[in-house]
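In: build the 3D model from these lines:
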Amino acid sequence: MLLPVSGVGMIPAMDDMNIIQQGQRHHLVVKELGEEIDLEIGPGEDDPSFANTSLIGGPTRESSAEEHDESKQMIGSQVPSDDQDMSKSQPVKRKKKVVKRWREEWADTYKWAYVDVKEGTARIFCSVCREYGRKHRRNPYGNEGSRNMQMSALEEHNNSLLHKEALRLQMASKDKIIVDKPIYVKALMSKTAGSIVEAALKRDPHEAEFIQSVQEVVHAVERVIAKNSHYVSIMERLLEPERTIIFRVPWVDDRGETHVNRGFRVQFNQAMGPCRGGIRFHPSMSLSIAKFLGLEQTLKNALSPYKLGGAAGGSDFDPKGKSDNEIMRFCQSFMNEIYRYLGPDKDLPSEEMGIGTREMGYLFGQYRRLAGQFQGSFTGPRIFWSGSSLRTEATGYGLVFFAQLMLADMNKELKGLRCVVSGFGKISMHVLEKLIAYGAIPITVSDSRGYLVDEEGFDYLKISFLRDIKAQQRSLRDYSKTYARSKYYDEAKPWNERCDIAFPCASQNEIDQLDAINMVNSGCRILVEGANMPCTPEAVDVLRKANVLIAPAMAAGSGGVVAGEIELNHECNLMQWSPEDFESKLQEALKQTYQRALKAATDFGYQKESPEALVHGAIISAFLAIAQAMTDQGCV
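Out: Have a look, this model is predicted:
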């Protein structure tokens, strides 16, 4: 069995190492060398040119003399004799037992396979058709093209030993290996700050995302701690969540089969007020991610004009491909456990990744039923108990408003600037909308398998088409069939496209060190974080050295907090907000947030033009507000 390993995608060609070294390098253990393998011989192997045909996307490699001899023997054994009927137009597949040594040639198998998680199970997927098992579509390249292309797509794919061996790798791997994610520890100026990070590492050594966010926060407040030692104990308390709830979520699918997922809710800090924070449904969801999101949300809420506590949670449930009834049953089971910790004066969840109108409706319906009264509401998009009309747009629009504030201080504007956007969700699509309204040229969106670039830039008609693609659960590749000037790149990120501003809106750590280098070389000068913590620490170092201005998500992404509080405000619910009124209030709130972050940065010696100014200023301002509340309330 293969266990999922973070960051495993398409595995590169490995020509000069033996298969055992390959396996260990890619977290697989291959045993039983020379075991008997049941091979299904098809017409692809009967062609003498098959052995010399290069693999798709892989470099050619000359075989060794030993392999060449064995190849000749195998081919020779497959040549039909004179007694055989040569009039048969279609060769008949036959099975034979062979003993095959695991040698260098089997390393090529890895080029056909990659590891991914499907319905909670680690599986080996075919790199050509993106399917596992034997459910493969026919020629991915169509029925046209040269003989070599047909060979690659049909015979090498569907009939090759390499492809069949990719499907057998799970059986070949007998041992289980779990590889811990490496934690990048940054050097800190003061021993006091270093001791805070060290204590967090000792307490939660395996929570990579949470430790990364802790380091960012501590690094930002180093100067604050240096001026007042009282804040050391406050920071130590702040980094430990007030309440962490972990629970199982059993549910039944449409076939009557039972499943169980794990649920989380981390109520990180309530010193500023009742908790607000998102619920995320995604297979990667873990306690580490829930804690990191809870810390980020705590600081974001403290920085906003509405003083609130922070929380986050969710489940490792994957809503993709599930029916409405399955989603409903899962949401009801999730709420059965968590409802007792929720309430308008305790904790109200909002939407996050994997959560939309449907999910929020099911969650609130079960909460209302269990609580026995219609108390408060969940913050969700365009649902009948919501007062504001632009809830879903708030976060995406806010990112663009924030970018406009930064440019205004530089005596520039968005009009005519090329913008690269990642993600294909609600935030990304509304960023595209508002960028077009300001005259900017957004050129990319991305999904989990690659990115789409349209050099002419998107317009409202193209955005409508993108929404249709998403609603119908089609691939972004379909966009290129309609707009010939666009192109979809598999297994790639958009950060090497020429741009002025980048809006990463997909997920945490989507930009690594190489992506940051590509981004700088492509001309990017401003990065506005739509996702929480979208850059790895190494990527942040590259961007800062290149003087790329970074707008942190806790400041730029606070539009959702503002909208949520507007719709929960009783007086606001009694009136109908026009889009103009709502945008005006959103812009004013983001302007206050922007000014508060800059003031905190300058108060502690950061230059306004510094790439660290907004990041450190936002964290400092939020931390000081929380620290004051925690000091006033005593050690609780």
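In: in the helix or strand where Leu370 lies, what's buried?
Out: Leu370 belongs to helix 357-371 when assigned by DSSP states H and E. Buried residues in helix 357-371, counted by 16 or more other Cβ atoms under 10 Å: 359-364, 366-368. Every C-beta, even on glycine, is put in place using the N, C-alpha and C of the backbone.
In: show me where pLDDT drops low in the chain?
Out: 1-117, 120-189, 375-392, 566-577 (pLDDT under 70).
In: so what touches the next helix-or-strand element following the helix holding Leu370?
Out: The element immediately downstream of helix 357-371 (helix or strand, assigned by DSSP H and E) is helix 393-409. Residues from elsewhere that reach helix 393-409, judged by Cβ atoms under 8 Å, 6 or more residues apart in numbering: 388, 390, 413-414, 426-431, 433-435, 438, 501, 503, 505, 526, 528, 530, 549, 551, 555-560, 562-563, 582-583, 586-587, 590-591, 593-594, 608, 614.
In: quick check on those residues: which are buried?
Out: The buried subset of the contacts of helix 393-409 - by 16+ other Cβ under 10 Å - is 388, 390, 414, 426-431, 433-435, 438, 501, 503, 505, 526, 528, 530, 549, 551, 555-560, 562-563, 582-583, 586-587, 590, 593-594, 614.
In: helices or strands next to the helix holding Leu370 in the packing?
Out: strand 275-281, helix 324-338, strand 347-351 (3 or more Cβ pairs under 8 Å, 6 or more residues apart in numbering; DSSP states H and E).
In: quick one, strands of the stretch 501-636 of the chain?
Out: 501-503, 526-528, 549-551 (DSSP state E, counting those that start in this stretch).
In: now Gly605. Nearest residue, chain neighbours left out?
Out: Arg223 (6.5 Å; Cβ to Cβ, 6 or more residues apart in numbering).
In: what strand or helix carries the residue lying closest to Phe334 once chain neighbours are set aside?
Out: The shortest distance from Phe334 to any non-neighbouring residue, by Cβ to Cβ, 6+ apart, is to Val249 (5.0 Å). Using DSSP H and E, Val249 sits within strand 243-252.
In: look up phi and psi at Gly313.
Out: phi 180, psi -160 (degrees, to the nearest 10).
In: check contacts around the residue nearest to it when sequence neighbours are not counted.
Out: In space, and not counting its chain neighbours, Gly313 is closest to Arg265: 3.6 Å by Cβ to Cβ, 6+ apart. Residues near Arg265 by Cβ under 8 Å, 6+ apart: 244-245, 290, 311-313, 338, 341, 347.
In: which one (most neighbours) among the residues you listed?
Out: Ala311 (33 neighbours; other Cβ atoms under 10 Å).
In: so how far is Ala589 from that one?
Out: 21 Å (Cβ to Cβ, to the nearest Å).
In: how about Glu433?
Out: Remark: distance between Glu433 and Ala589 (Cβ to Cβ) = 19 Å.
In: repeat that for Ser522.
Out: Taking Cβ to Cβ, one finds Ser522 at 32 Å from Ala589.
In: have a look at these two and say which one is more surrounded.
Out: Of the pair Ser522 and Ala589, Ala589 is the one with more neighbours under other Cβ under 10 Å, namely 23 against 17.
In: skip the chain neighbours and tell me the closest residue to the more buried one.
Out: Val562 (4.4 Å).
In: re earlier: check which residues of the host helix or strand of the residue nearest to Gly605 are buried.
Out: For Arg223, the element it lies in under DSSP H and E is helix 222-227. For helix 222-227, a neighbour-count test (16+ other Cβ under 10 Å) marks 222-225 as buried.
In: again, but for stretch 449-465
Out: 450-454, 457-458, 462-463, 465.
In: ok, of those, which one's closest to Asp318?
Out: Gly450 (19.6 Å; Cβ to Cβ).
In: contact partners for that closest one?
Out: Applying Cβ under 8 Å, 6+ apart to Gly450 gives the contacts 476, 488-492.
In: the closest residue to Gly396 other than its chain neighbours: what's it in contact with?
Out: Nearest non-adjacent residue to Gly396, counting by Cβ to Cβ, 6+ apart: His430, 2.8 Å away. His430 makes contacts with 392-393, 395-397, as judged by Cβ under 8 Å, 6+ apart.
In: name the member of those residues with the most neighbours.
Out: Neighbour max across the contacts of His430 (other Cβ under 10 Å) = Gly396, 28 neighbours.
In: angle of the top helix by length along the chain against helix 393-409?
Out: Identified as the longest helix of the chain according to DSSP state H is helix 579-603. Comparing the axes of helix 579-603 and helix 393-409 via axes from the mean of the first three to the mean of the last three Cα atoms, to 10 degrees yields an angle of 50 degrees.
In: show residues contacting helix 579-603.
Out: Helix 579-603 is contacted by residues 303-305, 388-390, 394, 397-398, 401-402, 405-406, 555-556, 558-559, 562-563, 566, 608, 610, 612-614, 616-618, 620-621, 624 when judged by Cβ under 8 Å, 6+ apart.
In: checking Asp310 next. Helix, strand or coil?
Out: One thing to correct before we go on: residue 310 is Gly, not Asp. Following DSSP: H, G, I helix; E, B strand; the rest coil, Gly310 is assigned to strand.
In: now do the SS call for the residue nearest to it when sequence neighbours are not counted.
Out: With Cβ to Cβ, 6+ apart as the measure, Thr298 is the residue that lies nearest to Gly310, at 2.8 Å, once sequence neighbours are left out. On the three-state scheme (three-state DSSP), Thr298 is labelled helix.
In: state the distance from Thr298 to Ala622.
Out: Shown here: Thr298 relative to Ala622, a distance of 8 Å by Cβ to Cβ.
In: which one of these two is surrounded by more residues?
Out: In terms of neighbours (other Cβ under 10 Å), Thr298 is the more surrounded of Thr298 and Ala622; the figures are 33 against 28.
In: correct me, but the more buried one touches Asn269?
Out: Yes: if you go by Cβ atoms under 8 Å, Thr298 and Asn269 touch, sitting 4.7 Å apart.
In: what touches both of those two?
Out: Here Thr298 and Asn269 have 238, 309-310, 626 as joint contacts, going by Cβ under 8 Å, 6+ apart.
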